[in-house]
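Undergrad: Could you look at this predicted model? Sequence included:
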Amino acid sequence: MNLERLGWSDFFAEDYQQRFSNEWNVGRVIGQGKNIYKLATRLGEINGKATGKLLFETAASAQLPAVGDWVVFGYKNGDQFAVIHGVLERKSVFSRKVIGKNMEEQIIASNIDTVFLVSALNNDFNIRRIERYVTLA
């Protein structure tokens, strides 16, 4: 898979060079489940999990990988999961306040260049909702 087509740029390459050794692979998070991340990498699509160290060292959930993030991981052929060791710096973040919690940020997606807003024209159409989405974008 071509990383440049996924959005890899000099911005991310520079952060990778400064913070990580060349022994790690890079990939982009394209899906996120409870504790499993789907990564698009040069090796193809693989599933990954964050290391205990990464989970322990993050002060807030907003520092964990999110869809759109570039992550650094280790992976050996035959492993069930790649092991995510770190998250590269984000260029942009689409986030909101976590529902019911004190001002904690929830990352919806990161490193976004283009946003499409789509709404059905059925009985659920709501112009105020579209205005909120435009404001967020």
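TA: In hand now; what should we look at?

Undergrad: rest of the way, CA atoms for contacts and neighbours
TA: OK.

Undergrad: Contact partners for residue 35?
TA: Under the criterion of Cα atoms under 8 Å, 6 or more residues apart in numbering, the neighbours of residue 35 are 49-50.

Undergrad: again, 7 Å this time
TA: In this structure, residue 35 makes contact with residue 49, judged by Cα atoms under 7 Å, 6 or more residues apart in numbering.

Undergrad: Shouldn't it be within a strand?
TA: No. Membership of residue 35 in a strand is not supported by DSSP: H, G, I helix; E, B strand; the rest coil, which gives coil.

Undergrad: how much space between it and residue 67?
TA: With distances taken as Cα to Cα, to the nearest Å, residue 35 is found 13 Å from residue 67.

Undergrad: all helices for this protein, in order.
TA: Chain-ordered helices for the chain, with DSSP state H as the definition, fall at 10-19, 52-57, 127-136.

Undergrad: where along the chain do the strands fall?
TA: With DSSP state E applied, the chain shows strands at 25-32, 37-41, 44-50, 70-74, 82-87, 93-97, 105-110, listed in chain order.

Undergrad: Any chance of a markdown table for these, columns mean pLDDT?
TA: Formatted as a markdown table, the entries for the strands of the chain read as follows, by pLDDT from 0 to 100:
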| stretch | mean pLDDT |
| --- | --- |
| strand 25-32 | 95 |
| strand 37-41 | 96 |
| strand 44-50 | 94 |
| strand 70-74 | 95 |
| strand 82-87 | 94 |
| strand 93-97 | 85 |
| strand 105-110 | 88 |
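
Undergrad: Redo those strands as TSV? Include distance to residue 129.
TA: Rendered in TSV, the data for the strands of the chain read as follows (distance: least, Cα to Cα, whole Å):
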stretch	distance to residue 129
strand 25-32	25
strand 37-41	29
strand 44-50	34
strand 70-74	30
strand 82-87	32
strand 93-97	15
strand 105-110	17
